[in-house]
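**Student:** Give me a 3D structure for the following:
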Amino acid sequence: MAYESAAIRVASELRSEILQGDIAPGARLSQQSTAERFGVSRIPVRDALQVLAGEGLVHPTSNATAVVTGMSIAELQELYELREAIEPLATQLAVPNVGRAEHLTMRKQLQVMEEHADTRIWLAANAAFH
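**Tutor:** This next block holds a predicted model:
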C-alpha cells in the first residue's frame, strides 16, 4: 500500500513538473537520482516512470533512465486543429449546465489569465477555467 502511494506520489509530482516546464523536454530522469530525490526505492520510481511513459510524457531508455518527451511543431499543430474541431461542440453541450457560481469562477480565471504573464499562474488559471 505504501509502495503504491509512493509510485503515485512520484508520478504526480514528476507529471506536474513536466507539464509546467520545470523539467524540460530532453531531460534525463534516472531511477537512482529520482529515488534519492523522493526518498523512495527505485521500484516505485520505475513504476512512476512507466505511468508517465503510458501518458506520453517520457520515453524509457536503457540504463534505468527515461527521457522527457517534447512536441514537434507538427504535433502541436495537430493538437490545436483537434481542439479547434472539438471545443465548439463541447462548449455547446456545456453552456446550458453552467450556473452563476461557475460563470463567476470562469470570469475570475479569465481575469487572472489576462493579468499574469507568469506561465505557471496562467496555466493554473487556464486549467481552472476549463
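
**Student:** Let me know the helix or strand that Gln111 is in.
**Tutor:** Using DSSP states H and E, Gln111 falls within helix 100-115.

**Student:** Now do that helix: everything it contacts.
**Tutor:** Contacts of helix 100-115 from elsewhere in the structure, counted by CB atoms under 8 Å, 6 or more residues apart in numbering, are 98, 121-122, 125-126, 128-129. No exception for glycine: its C-beta is placed from N, CA and C like everyone else's.

**Student:** tell me the average confidence for stretch 62-73?
**Tutor:** Looking at stretch 62-73 alone, the average pLDDT works out to 89.

**Student:** what does stretch 104-115 give?
**Tutor:** In this model, stretch 104-115 has a mean pLDDT of 91.

**Student:** need the helices for this protein, in chain order.
**Tutor:** For the chain, applying DSSP state H gives helices covering 2-19, 31-38, 42-54, 73-94, 100-115, 119-129.

**Student:** Show me what counts as buried in the longest one.
**Tutor:** Spelled out, that is helix 73-94. By neighbour count, and taking 16 or more other CB atoms under 10 Å as the criterion, helix 73-94 has no buried residues at all.

**Student:** So what angle separates the directions of it and helix 100-115?
**Tutor:** Relative orientation of helix 73-94 versus helix 100-115 (axes from the mean of the first three to the mean of the last three CA atoms, to 10 degrees): 150 degrees.
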